[in-house]
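Asker: what's the 3D shape of this:
(4 chains, ligands or ions: 4)
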There are 2 protein chains.
Amino acid sequence: MKLIEILNKLRSSGLRPTKQRVEIAKFLFDREKTIHFTVESLNKLLLKKTSTKFALATIYNTVHAFKAAGHLNEIEVRGKKTYFDTNVSNHHHFYDNDTSELIDINAKDVVIQKLPKAPNGKKIKNIEVFINLKN
Amino acid sequence: MKLIEILNKLRSSGLRPTKQRVEIAKFLFDREKTIHFTVESLNKLLLKKTSTKFALATIYNTVHAFKAAGHLNEIEVRGKKTYFDTNVSNHHHFYDNDTSELIDINAKDVVIQKLPKAPNGKKIKNIEVFINLKN
DNA sequence: TTCCTAGTTTATAATAATTCTAAAGTGAAA
DNA sequence: TTTCACTTTAGAATTATTATAAACTAGGAA
Ligand SMILES: [Mn+2]
Ligand SMILES: [Mn+2]
Ligand SMILES: [Zn+2]
Ligand SMILES: [Zn+2]
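Answerer: Numbering: from 1, shown residues only, chains lettered A, B, ... in the order given. Ligands and ions are numbered 1, 2, ... in the order given. Now for the predicted structure:
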């Protein structure tokens, strides 16, 4: 992904391209495979990859802005921390409880044959399939 | 559900039948329909229904013991609080984001036709289908 | 360029959910 | 009844997250 596209992610999220934000955006979006991360794990990874310092609040703010702009998804996993996902397409997850790791499942690899109808007055917004793994 | 069965829930969870625990167990298990709750909501409901006082730590401890014994399931929902579920059978959920309410879906009402195979060396423990609702 | 200022970063405080602790209370076996 | 391991409880500690407010900076205007 080119730098101009990275900067577009920031612009479309209403964020000025500061040093910290460009580093975060490059780290998240300039890669082949999508990545699942927590704010804490992202902070550690940024520490390794760059020489920039990041306040946790900056990471929280930036990540939330990306989420609001649709560039990140938030995923709830059994546990205390929130996971984010650079894969914003409709897809599902394996969850490996041993490693606390999320693994993408292509939406096409899960076919649902029968679904209940939504309760009165409600509609289905989206369906999340979560496959817990064991050894 | 008879009192003897309530007491069995406690016994099988390794809990002595104290005043607080019996009240909690009666409230959770002596009902027609299953219930989804958080520790905080349970505390409020107990305050209304009984004249007993409960320290939050007592509710946490008791609920966790029931969970460990398989009498309750823990459900992760997008949000900060953990939900518990007296329905410990294999089933799925609607989640109404507006009311923060979980609604049971019978396992038979969701039929999955195609599933990905588990990653190398891993097996599928269970599948959770989560249907988010909108108005 | 230099100035100016709205936007940004950051350290730290505040909040919220949960867990821990240790002192006081209690069920039930002997 | 006595005894003691188990419980309850208030409050402290912990963890993830959000809020605050002072110091900093990007970038347009002068
Ligand atoms: Mn939680
Ligand atoms: Mn959370
Ligand atoms: Zn994903
Ligand atoms: Zn349920």
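
Asker: Only C-alpha atoms from now on, for both contacts and neighbour counts.
Answerer: Fine.

Asker: need the strands for chain A, in chain order.
Answerer: A:36-37, A:73-75, A:83-85, A:91-96, A:101-106, A:111-114, A:123-134 (DSSP state E).

Asker: residues making contact with the last one?
Answerer: Outside strand A:123-134, the residues within contact range by C-alpha atoms under 8 Å, 6 or more residues apart in numbering or on different chains are A:91-98, A:118, B:118, B:122-135.

Asker: now do 7 Å
Answerer: Outside strand A:123-134, the residues within contact range by C-alpha atoms under 7 Å, 6 or more residues apart in numbering or on different chains are A:92-97, A:118, B:122-135.

Asker: Just the buried subset of these, please.
Answerer: Buried members of the contacts of strand A:123-134, counted by 16 or more other C-alpha atoms under 10 Å in any protein chain shown: A:92-96, B:124, B:127-133.

Asker: quick one, phi/psi of A:G70?
Answerer: Main-chain dihedrals, A:G70, degrees, to the nearest 10: phi 80, psi 10.

Asker: Leaving out sequence neighbours, find the closest residue to it.
Answerer: A:V88 (7.1 Å; C-alpha to C-alpha, 6 or more residues apart in numbering or on different chains).

Asker: Got the phi and psi for that neighbour?
Answerer: Per-residue torsions, A:V88: phi -100, psi 10 (degrees, to the nearest 10).

Asker: Relative to B:R78, which of the strands of chain A is closest?
Answerer: strand A:73-75 (7.4 Å; C-alpha to C-alpha).

Asker: Check which helices and strands that closest one sits against.
Answerer: Under the contact criterion of 3 or more C-alpha pairs under 7 Å, 6 or more residues apart in numbering or on different chains; DSSP states H and E, strand A:73-75 touches strand A:83-85.

Asker: Parallel or antiparallel, which strands does the strand it packs on pair with?
Answerer: strand A:36-37 (antiparallel), strand A:73-75 (antiparallel) (DSSP bridges).

Asker: Now find how far off-centre the first one is within its chain.
Answerer: A distance of 6 Å separates the centroid of the chain from that of strand A:36-37, by C-alpha atoms, centre = their mean, to the nearest Å.
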